[in-house]
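Enquirer: fold the following for me, if possible:
(2 chains)
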Amino acid sequence: QQPVQSPQAVILREGEDAVINCSSSKALYSVHWYRQKHGEAPVFLMILLKGGEQKGHDKISASFNEKKQQSSLYLTASQLSYSGTYFCGTEMTGNNRKLIWGLGTSLAVNP
Amino acid sequence: NAGVMQNPRHLVRRRGQEARLRCSPMKGHSHVYWYRQLPEEGLKFMVYLQKENIIDESGMPKERFSAEFPKEGPSILRIQQVVRGDSAAYFCASSPRTAGSMNTEAFFGQGTRLTVV
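Expert: Next comes the predicted model:
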């Protein structure tokens, strides 16, 4: 039931773009995206609730394709502060609302 | 409004001792989740509690681990007779309602890093 994140790791230069994918083998009710910096707590980025929903803040956005049972996180014109590990948490339909987390995608943005 | 408070931040225990991890949710939050994170790995769900109730403990090991969230006071994750494999970061998160429904985010504490020696 654990969602699969890809890629496992990304190295970017400042200003480059990246896409992180999160796929599930089960139908999804929602997808949550968090970023965690080393030694710190995960920090909320956004929740996507409906198929086709897209959200964004700053230069980070995400989409949720309900049919494909996947979500993608888009990081545009990356900044050094984007470095960290990105986790997607998925909530299955019919579940009792617990989030199952992927293993994370490590993103390093270099100057 | 203070965030989710976990203490202690670091805990060292000898094999066989007990570890008690505390989590005070944000004010007004009645839902608490506990997760375990091993180095370089993702968050593994352990247990989901509401005040005085365990809603889902499907991620908890069958033995030595227990959790509670009393009417008053913090949520406690208790690990009895710790072993080296219990060494990990334990995070708790709280939400005002079930995370995932009604567009609700969960707020994480800073975690407790347990080291078993």
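
Enquirer: how about the strands in the chain?
Expert: By default, I'm working from chain A. Counting by DSSP state E, chain A has strands at residues A:4-6, A:9-13, A:18-23, A:28-36, A:43-48, A:54-57, A:60-65, A:70-75, A:84-92, A:100-101, A:105-110.

Enquirer: hmm, I had chain B in mind actually
Expert: Going by DSSP E, chain B shows strands at B:5-7, B:10-13, B:19-24, B:31-37, B:43-50, B:53-56, B:65-68, B:75-79, B:88-95, B:107-108, B:112-116.

Enquirer: now the ones you listed as JSON lines including mean pLDDT and distance to chain A?
Expert: C-beta coordinates here come from the backbone N, C-alpha and C atoms, glycine included. Putting the strands of chain B into JSON lines (pLDDT from 0 to 100; distance: least, CB to the nearest CB, whole Å) gives the following:
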{"stretch": "strand B:5-7", "mean pLDDT": "96", "distance to chain A": "9"}
{"stretch": "strand B:10-13", "mean pLDDT": "98", "distance to chain A": "11"}
{"stretch": "strand B:19-24", "mean pLDDT": "98", "distance to chain A": "12"}
{"stretch": "strand B:31-37", "mean pLDDT": "92", "distance to chain A": "7"}
{"stretch": "strand B:43-50", "mean pLDDT": "90", "distance to chain A": "4"}
{"stretch": "strand B:53-56", "mean pLDDT": "89", "distance to chain A": "5"}
{"stretch": "strand B:65-68", "mean pLDDT": "97", "distance to chain A": "14"}
{"stretch": "strand B:75-79", "mean pLDDT": "98", "distance to chain A": "15"}
{"stretch": "strand B:88-95", "mean pLDDT": "93", "distance to chain A": "6"}
{"stretch": "strand B:107-108", "mean pLDDT": "90", "distance to chain A": "4"}
{"stretch": "strand B:112-116", "mean pLDDT": "97", "distance to chain A": "9"}
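
Enquirer: quick one: closest of those strands to residue A:17.
Expert: Nearest of the strands of chain B to residue A:17, taken as CB to CB: strand B:43-50 at 26.2 Å.

Enquirer: if we can go back for a sec, just give me the lowest mean pLDDT stretch among the strands of chain A.
Expert: Lowest mean pLDDT within the strands of chain A: strand A:54-57, at a mean of 70.

Enquirer: please name the residues that touch residue A:73.
Expert: Residues near residue A:73 by CB atoms under 8 Å, 6 or more residues apart in numbering or on different chains: A:19, A:20, A:21, A:22, A:33, A:45, A:60, A:61, A:62, A:86, A:88.

Enquirer: skipping adjacent residues, who's closest to the fifth one in space?
Expert: Nearest residue to residue A:33, sequence neighbours excluded (CB to CB, 6 or more residues apart in numbering or on different chains): residue A:45, at 4.2 Å.

Enquirer: count the residues that sit near the nearest residue to residue A:41 once chain neighbours are set aside.
Expert: Computed as CB to CB, 6+ apart, the closest residue to residue A:41 that is not its neighbour in sequence is residue B:108, at 4.0 Å. Neighbour count for residue B:108, taken as other CB atoms under 10 Å in any protein chain shown: 23.

Enquirer: and residue B:108, what is it in contact with?
Expert: Residue B:108 makes contact with A:34, A:41, A:42, A:43, B:4, B:91, B:92, B:93, according to CB under 8 Å, 6+ apart.
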